[in-house]
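> Requesting a structural model of the entry that follows:
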Amino acid sequence: MRTAPLTVQARQDALDALRRTDERDGELDVLVIGGGVTGAGIALDAVTRGLSTGIVEAQDWASGTSSRSSKLVHGGLRYLQMLDFHLVREALTERDLLITRLAPHLVKPVSFLYPLENRVWERAYVGAGVALYDTLASVSGGRRRAMPIHRHLTRKGMERLFPDLRHDAAVGAVRYWDASVDDARLVETLVRTAVSYGAHAASRTQLVRLHTTSGGAVTGAELVDLETGEHFDVRARNVINATGVWTEKTEALAETEGGLRVLASKGIHIVVPRKRIEGNTGLILQTEKSVLFIIPWSRYWVIGTTDTPYEQDLTHPVATSADIDYVIEHANQVLARPISREDVIGTWAGLRPLLQPGTKEGTSSAKVSREHTVASPTPGLTVIAGGKLTTYRVMAKDAVDFAIGSRATTLPSITDDVPLVGAEGLRVVQRQARAIAARYGWDRPRMDHLLHRYGSLLHELTDMIDERPELAEPLRNAPAYIGAEVLYAVTHEGALHLDDVLMHRTRLNYEQADKGVGALEEIADLIGPVLGWDDATREREIAAYRARAAAEDAAAAEADDESAERVRLAAEDITPLLPVGGEVDPGTKPGSPSGRGTAAPYGT
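Model (predicted):
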């Protein structure tokens, strides 16, 4: 397979291909609306079946829920309490598939301690549950085990692994394994893999209307290129709505009463420097509202999440002061050295799309699973909602199966055997790592960082560095990243704006206390020439990101969602979404009809 770069020209080529579908016999087999993990997975599933496929996203890839999760790939230990063995086994199968075959460079094992407060009954109860969790993983898919078996720890063993766990917080623990992933990079990698197999992918491309016949069947869509303002039509045999918390707003464009009901729930996370908490493993804690994870990353800890109803702006949810205090308070219940607001260097908030029972009246057909549902409000339109990051591939398979009907028997999904770009040849590059590091002057942590992000595609960065050796050096004000990574974001990964680079190609927006503002000038100098910026555009991009960062910081000082929304929306988007069907309120996504619909949450 030729690995296709996501460039400005590649986006233009995709838009041209989408325009040509309006010609005779040019219609797509599948048009996917929504560039999160589900939509990207659907595009890959469809194109690898041999279907002509297009995918569009109104903002940047993974700009919604799919870049704001807990960044875990897991079976869902809590579902065992509900005796939902099938769901847990399905998720564990997908977890192990990602870590062993599909994306071993992106998905990495991470261990957690489940603290125990009772030596006898709780150890027996939790131990039995985790043992079953491991057993279900062992029988999932018939492959070799991807994770170590769980272990019981005494208090002393627990404290060796996590010295900052309060001595009286637990009498011991069970250590078990799941996995972590950079969710935004997973989405970008899925999109790039789909494009490499022939899909047409365009970000910053907004749905504004669904075309229908006199009988109500969907035959295509009207899209607008938000970079130029140009409107154009696309014809497709099947349109698949994978827009998460915007599901109801998108399906309403078909002017049908049928479809799915989705509500939004907000979950937030805080980021604390790794040195602030002494520990070598993660923690999982039960709270009165949700599960709280303390998750180790290379340079910091991610702590969350919350689970609260959300009725505000769907595009820019933020962590409020009350949210942050809640997470800190619950983490401090088990930490020997309590953390404070001063320790928090970053936050993010995401919306979980919570699928409501049943379908709307008028829905012609539906397939319901425990976690997600696929439905058809009207012929030609398929809607999928629910699910979680870990099972994106199963959701994608179900959506395409449903959309193409009987053709699925002769064109079955093969994505369980299609590695994502960067996975093929990974073991070879890992064996070459020491020589590569020596050649470019990188230490072991730097090399691990690059392999984790790029896998076998690392050679594409080193090719750039061979032409411009200065790209091997760290950014002056964001030393976790080298110059080549920033440039690669626009030459290979589809970034069009500073926002895209700092939010989704790197993690600077929440990894540094200044949200990466100190590195803006250097980053703009690297990407501006490639994107064709003049001085005015460069200054506008820098000013827009500065305003965003300031608005997010100010919103985090507000006590409630309504106040935080008002402060956050004071900063305008670099590529504003168009109102559709009249003026749009703050909770409306591009391509939505007027009037507020219900919102929803994100699950990892």
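
> where does the chain have its least confident helix or strand?
The helix or strand of the chain with the poorest confidence is strand 365-368; it has a mean of 52 (mean pLDDT, DSSP states H and E).

> Which helix or strand lies directly C-terminal to it?
The helix or strand immediately downstream of strand 365-368 is strand 372-378, counting by DSSP states H and E.

> Would you pull up how far that following strand lies from the middle of the chain?
Centroid separation for strand 372-378 versus its chain: 22 Å, with CA atoms, centre = their mean, to the nearest Å.

> again, but for stretch 313-324
Stretch 313-324 sits 17 Å away from the centroid of its parent chain (CA atoms, centre = their mean).

> first vs last residue of that stretch, how far apart are they?
Here the two ends of stretch 313-324 are set 19 Å apart, with distance taken as CA to CA, to the nearest Å.

> likewise stretch 206-226?
Stretch 206-226: ends 7 Å apart by CA to CA.

> Can you point out the buried residues in stretch 548-563?
548-549, 551-553, 555-556, 558, 561 (16 or more other CB atoms under 10 Å). Placement of C-beta: from N, CA and C, glycine included.

> Likewise for stretch 184-197?
Buried residues in stretch 184-197, counted by 16+ other CB under 10 Å: 184-197.

> Need the mean per-residue confidence for that stretch.
For stretch 184-197, the mean pLDDT works out to 98.

> Please apply the same query to stretch 424-437.
For stretch 424-437, the per-residue pLDDT averages 98.

> what's in contact with it?
With contacts defined as CB atoms under 8 Å, 6 or more residues apart in numbering, stretch 424-437 is touched by 1, 104-105, 442-444, 446-447, 451, 455-456, 458-459, 462.

> just stretch 272-281 next, same as before
Stretch 272-281 is contacted from outside by 110-113, 161-165, 175, 294, 296-301, 303, 335, 337, 339, 343-345, using CB under 8 Å, 6+ apart.

> Go through these and flag which are in strands.
Under the assignment DSSP state E, these contribute 110-113, 175, 294, 296, 300-301, 303 to strands.

> Let me have these in a markdown table, extended by pLDDT and neighbour count.
Shown next, in a markdown table, are the ones in strands among the contacts of stretch 272-281 (pLDDT from 0 to 100; neighbours: other CB atoms under 10 Å):
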| residue | pLDDT | neighbour count |
| --- | --- | --- |
| 110 | 97 | 21 |
| 111 | 97 | 17 |
| 112 | 97 | 24 |
| 113 | 97 | 27 |
| 175 | 96 | 21 |
| 294 | 98 | 26 |
| 296 | 97 | 20 |
| 300 | 97 | 22 |
| 301 | 98 | 24 |
| 303 | 98 | 28 |
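
> Now for those: which two are most distant?
Within these, two members stand farthest from each other by CB to CB: 175 and 300, at 21.4 Å.

> Among the buried residues of stretch 548-563, which lie within helices?
The helices in this structure, assigned by DSSP state H, contain 548-549, 551-553, 555, 561 from the buried residues of stretch 548-563.

> on that earlier part again, between the buried residues of stretch 184-197, which is closest to residue 43?
Relative to residue 43, the closest of the buried residues of stretch 184-197 is residue 194; by CB to CB it sits at 4.2 Å.

> Kindly provide the distance from that closest one to residue 383.
20 Å (CB to CB, to the nearest Å).

> Determine which two of the buried residues of stretch 548-563 are furthest apart.
Farthest pair in the buried residues of stretch 548-563 (CB to CB) is 549 and 561. Separation: 19.7 Å.

> give me the low-pLDDT residue ranges for the stretch 351-500 of the chain?
Scanning the stretch 351-500 of the chain for pLDDT under 70 picks out 358-359, 361-370.

> could you redo the last one with a cut-off of 80?
357-370 (pLDDT under 80).

> Let me see the ranges of the strands in it.
For the stretch 351-500 of the chain, applying DSSP state E, counting those that start in this stretch gives strands covering 365-368, 372-378, 381-386, 474-475, 478-482.

> Show me which of these has the highest average neighbour count.
Of all the strands of the stretch 351-500 of the chain, strand 381-386 carries the top mean neighbour count, a mean of 28, counting by mean count of other CB atoms under 10 Å.

> Only alpha carbons, please: show that one as PDB.
The C-alpha coordinates for strand 381-386 follow below in PDB (Å, rounded to 0.1, in the frame of the first residue of the first chain):
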ATOM      1  CA  LEU A 381     -29.600   7.800   5.100                       C
ATOM      2  CA  THR A 382     -27.900   5.700   7.800                       C
ATOM      3  CA  VAL A 383     -27.400   7.000  11.300                       C
ATOM      4  CA  ILE A 384     -25.100   5.500  13.900                       C
ATOM      5  CA  ALA A 385     -24.700   6.700  17.500                       C
ATOM      6  CA  GLY A 386     -23.500   5.500  20.900                       C
END
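
> got the angle between it and strand 372-378?
Calculated by axes from the mean of the first three to the mean of the last three CA atoms, to 10 degrees, strand 381-386 forms an angle of 160 degrees with strand 372-378.

> Show me what strand 381-386 is in contact with.
Strand 381-386 has contacts (CB under 8 Å, 6+ apart) with 38, 42, 210, 218, 238-242, 244, 247, 250-251, 254, 256, 259-260, 262, 353-355, 369, 371-377, 395, 398-399, 402-403, 600.

> Which ones among the residues you listed map onto helices?
The helices, defined by DSSP H, take in 38, 42, 247, 250-251, 395, 398-399, 402-403 from the contacts of strand 381-386.
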